[in-house]
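>>> just need the structure, nothing else, for what follows:
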Amino acid sequence: MTNNYLESAIKQFEYYKMLGEKTFEQLTDEQLFWQYNQESNSIATIVKHLWGNMLSRWTDFLTTDGEKEWRKRDAEFDNDIADKAELLSKWNEGWDCLFNALNPLTEDDLSKEIFIRNQGHSIIEAINRQLAHYPYHIGQIVFIGKMVCNDNWASLSIPKGNSKEYNADKFSKPKHKQHFTDEYLNENE
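Below you'll find the predicted structure:
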């Protein structure tokens, strides 16, 4: 069961990473930096925060506190990413750090305790904590993307008004185990 948990958690992280990327593909550089108002975050700022969190949480995941001394969390909310290339670089660096920490984990690792801000967590608790945190922010990214694209937004799931046809197609096929594909994206957004 624990190996299934790790596999499932990694698939969920991959899915939310993909949602962010499918949003970025639809946006101009200008749209990535758009803010609704001074108190709201742009997509670029959200990416910078995710990047900082991922590097802090997943660097030396099993051996050091997840809130690193070198992290500058408040600076993550300064909108100072220069362009889309830098945004994508930070996005990929954060996700690479996460997957490099998760992929080698074994069943034996799940019984270990790690710390975040000096608070003990089981490995499963630590993973679940981030499985709640990252989709929260990626949902914000998608929502902002939908707002700025307006009528030009390409749905990341079943487009409005197509549920009946989509479900009819799904129920016309035999039951099967879901694998991580673009179809998975459509069914889980």
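>>> and the pLDDT for residue 18?
Residue 18 is assigned 98 on the pLDDT scale.
>>> I meant residue 179, not that one.
Residue 179 is assigned 61 on the pLDDT scale.
>>> now the one 4 residues further on
Confidence at residue 183, expressed as pLDDT, is 53.
>>> next: residue 165.
So, for residue 165, pLDDT stands at 86.
>>> correct me, but residue 110 touches residue 124?
Yes - contact criterion C-beta atoms under 8 Å: residue 110 and residue 124 qualify, at 6.0 Å. C-beta coordinates here come from the backbone N, C-alpha and C atoms, glycine included.
>>> overlap in contacts, the two.
By C-beta atoms under 8 Å, 6 or more residues apart in numbering, residue 110 and residue 124 have these common neighbours: residue 5.
>>> what about residue 175, how many neighbours?
6 (other C-beta atoms under 10 Å).
>>> secondary structure element for it?
Using DSSP states H and E, residue 175 falls within no helix or strand.
>>> phi, psi of it?
Residue 175 has phi and psi values of phi -60, psi 140 when expressed as degrees, to the nearest 10.
>>> any idea of the pLDDT on it?
84.
>>> which residues touch it?
Residue 175 touches nothing, counting by C-beta under 8 Å, 6+ apart.
>>> so how far is residue 7 from it?
Using C-beta to C-beta, to the nearest Å, residue 175 is found at 20 Å from residue 7.
>>> so what does the helix or strand where residue 18 lies touch, helix or strand wise?
Secondary structure from DSSP H and E places residue 18 in helix 2-24. Counting contacts by 3 or more C-beta pairs under 8 Å, 6 or more residues apart in numbering; DSSP states H and E, helix 2-24 is packed against helix 43-58, helix 84-102, helix 123-149, helix 182-187.
>>> report the buried residues of the helix or strand containing residue 114.
Per DSSP H and E: residue 114 is located in strand 113-116. By 16 or more other C-beta atoms under 10 Å, the buried positions in strand 113-116 come out as 114, 116.
>>> next one: stretch 72-79
Buried residues in stretch 72-79 (16+ other C-beta under 10 Å): residue 76.
>>> that older thread, quick one, the helix holding residue 18 and helix 43-58 angle?
160 degrees (axes from the mean of the first three to the mean of the last three C-alpha atoms, to 10 degrees).
>>> tell me the most buried of the helices and strands packed on helix 2-24?
Comparing those by mean neighbour count (mean count of other C-beta atoms under 10 Å), helix 43-58 ranks first with a mean of 22.
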